[in-house]
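Visitor: Sequence first, predicted coordinates after that:
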Amino acid sequence: EASIIENVARLPATEMEQYVAFRKLADEGKTPEDIATFFGVTELLVRRVLALAGLAAPIRKLYSEDEIDRETIRALTLATPAQQAEWLKLWNSETERAPFGRSCKAWVTGGSTITTDKALFELDQYTGAVTSDLFGERAVFADAEAFWTAQAAEVSARIEQLLARGWADVVCLERGTYFQRWEYVQTTKKKGGKVYVEQRQDGTVMFHEGWLTASEARKKSRQDINGDGSVQTDIKPEMSGPMAEYVGLHRHGAAAASLLAAPAIALRLMAAHALTGSSLWNVRPHVCGARKNETHESVSGSAAWAEIDAASERVEAMFSALGAMRPRSNGDAYSLCETFSALLAMSDEEVMKVLALTMAETLEAGGPVVEAVLHVCGTDLGRYWSPDDAFFDLLRDKRAINALVADISSPSVAESVTKESGKVQKALIQNRIEGVDCTANPGWRPGWMQVPPTGLVEGAGCATVEAWTRIAGLFEGEDEDNTQPEVEPCEADAA
């Protein structure tokens, strides 16, 4: 806590910087009132800034780069994750425009129009009127009250199911009240977690499982160890400060030495530290900080990240089966021990899966380490990447483009189109990949995307090639197989 306060002692200038600072203190258990007092600002300001926690990372990035105005970002803090994804889709669209300002708020809240996709109940059992356009793509409920009557009945049925599953309580928020996650603390069913039912004016109903209000969580943490609900009173410690330090350091030494003889336990404890962090560990997941939205979309939609997301879901299921939350990096000692306890209950194979995912999510982008991993794992980059629209859009250097023409076609073809525009040459490359008037070559990959990477222009700098060259000597003697399948050459066709 002292370290955090030292780093955020002055109120940051921008709202996104304030969000980072406020969030750090909030994660340490500080209330909005405490944060407001520390910085000398109003509690309302703190609450408004913390509301940014509900935004998707790409939207926060756009806001930090002043691409989105304040009124729009306020509206988007009310949007569901699905609505935020739809808004980003509109933002990146070349034919449609994303709503801004008041229009954005109206778009998020949905007004009185309730579409049929919001219904929890079966539509074939609904007796009210439903209207749609000529194509039936945007069917809506003609009678909002009839919709909410049917929706409420289904919500009540699901609440009964949740209580039957053992949840301590299900809290149904008033319609139109938003569930602001930063005001709550996530916990498990076994530890008294509740379910909060959020009902949006546009008909959307969401069930948030495993949460307590911040005040409830603090009160629960103060209850005595007997679990009788009584609160501990202040009692003078039996050890002085220096004695507690003496005992603690000797116990620490004994624990550390014990790990030397228990590598399997040490491995699990190391994994727990990497997952949750501590005062000595600060491990951060990789965040795609691409400057271009097209790059971000290309990477996030790639086969590689689809595999990582699937692995993440499997690991979360493993922890859930043991009654534990999926670990999150917060530096909290209790969370660390909870994760450690769950890992001790897992098999070696399961722990290795957790470790593999943790390393995958915290692998730094760029630099020699990526090249080293690709090399020692014998990665087939063709499995994870193929030239897409974003690649060709970012491909601007005519020297590199012409070198790619020579690689996929022939040096003579490249020489014949040297004076053509980059657009023409890129079209030629795409034709060779797709097999227009020649044998298709879908497996072609430029030297940049091979293992190890190769440059295209002699004497020109290439970050990935330079990264590999720097460490190649460390892996000398290992077998490599970088041969590419032979492809039937195409006739030169500059047009």
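Guide: Received, thanks.
Visitor: Surely Gly166 is in a strand?
Guide: No: according to DSSP: H, G, I helix; E, B strand; the rest coil, Gly166 belongs to no strand; its state is coil.
Visitor: Please tell me I have it right and it contacts Thr188.
Guide: No: here Gly166 lies out of contact with Thr188, judged by C-beta atoms under 8 Å, at a distance of 10.8 Å. Bear in mind the C-beta positions are built from the backbone N, C-alpha and C, glycine included.
Visitor: More neighbours: those two, which one.
Guide: Shown here are Gly166 and Thr188; by other C-beta atoms under 10 Å, Thr188 has more neighbours (15 against 8).
Visitor: give me every residue that touches Val247.
Guide: Listed by C-beta atoms under 8 Å, 6 or more residues apart in numbering, the contact set of Val247 reads Met239.
Visitor: tell me the domain ranges of the chain?
Guide: Following automatic domain parsing, the chain resolves into domains at 2-108, 151-222, 266-365, 381-475.
Visitor: ok, of the ones you listed, where does mean pLDDT dip lowest?
Guide: Mean pLDDT is lowest for domain 2-108 among the domains of the chain, at a mean of 77.
Visitor: where along the stretch 151-300 of the chain do the helices fall?
Guide: 214-222, 241-260, 263-276, 293-300 (DSSP state H, counting those that start in this stretch).
Visitor: Among these, single out whichever gets nearest to Gln84.
Guide: Ranking the helices of the stretch 151-300 of the chain by proximity to Gln84 (C-beta to C-beta) places helix 293-300 first, at 13.7 Å.
Visitor: Could you check how far the closest residue to Arg165 other than its chain neighbours is from Glu145?
Guide: Among residues not flanking Arg165 along the chain, Lys189 sits closest, at 7.9 Å (C-beta to C-beta, 6 or more residues apart in numbering). Shown here: Lys189 relative to Glu145, a distance of 35 Å by C-beta to C-beta, to the nearest Å.
Visitor: and if you look at Glu174?
Guide: Distance from Glu174 to Glu145, by C-beta to C-beta: 17 Å.
Visitor: now do Thr80
Guide: On the measure of C-beta to C-beta, Thr80 and Glu145 end up 23 Å apart.
Visitor: same question, Leu269
Guide: 57 Å.
Visitor: ok, these two, which is more surrounded?
Guide: Leu269 (19 against 9).
Visitor: Wait, that one touches Ser258, no?
Guide: No: Leu269 is beyond contact range of Ser258, at 10.7 Å (criterion: C-beta under 8 Å).
Visitor: follow-up on the earlier one: the domains of the chain: which one's closest to Ile114?
Guide: Using C-beta to C-beta, the domains of the chain put domain 151-222 closest to Ile114, at 3.8 Å.
Visitor: Keeping just the C-alphas, turn stretch 171-190 into PDB.
Guide: C-alpha atoms of stretch 171-190 as PDB (Å, rounded to 0.1, in the frame of the first residue of the first chain):
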ATOM      1  CA  VAL A 171     -30.400  -9.900  -5.500                       C
ATOM      2  CA  CYS A 172     -32.600  -8.600  -8.300                       C
ATOM      3  CA  LEU A 173     -31.600  -5.000  -9.000                       C
ATOM      4  CA  GLU A 174     -34.200  -2.500  -9.900                       C
ATOM      5  CA  ARG A 175     -34.800  -2.200 -13.600                       C
ATOM      6  CA  GLY A 176     -32.500   0.300 -15.200                       C
ATOM      7  CA  THR A 177     -29.900   0.000 -12.300                       C
ATOM      8  CA  TYR A 178     -26.500  -0.900 -13.700                       C
ATOM      9  CA  PHE A 179     -24.200  -3.500 -12.000                       C
ATOM     10  CA  GLN A 180     -20.900  -1.600 -11.600                       C
ATOM     11  CA  ARG A 181     -18.300  -4.300 -11.000                       C
ATOM     12  CA  TRP A 182     -15.900  -2.000  -9.300                       C
ATOM     13  CA  GLU A 183     -18.400  -1.600  -6.400                       C
ATOM     14  CA  TYR A 184     -18.300  -5.300  -5.700                       C
ATOM     15  CA  VAL A 185     -15.800  -8.000  -4.800                       C
ATOM     16  CA  GLN A 186     -15.800 -11.300  -6.700                       C
ATOM     17  CA  THR A 187     -15.900 -14.400  -4.500                       C
ATOM     18  CA  THR A 188     -17.000 -18.100  -4.600                       C
ATOM     19  CA  LYS A 189     -20.300 -19.700  -3.700                       C
ATOM     20  CA  LYS A 190     -18.700 -21.400  -0.700                       C
END
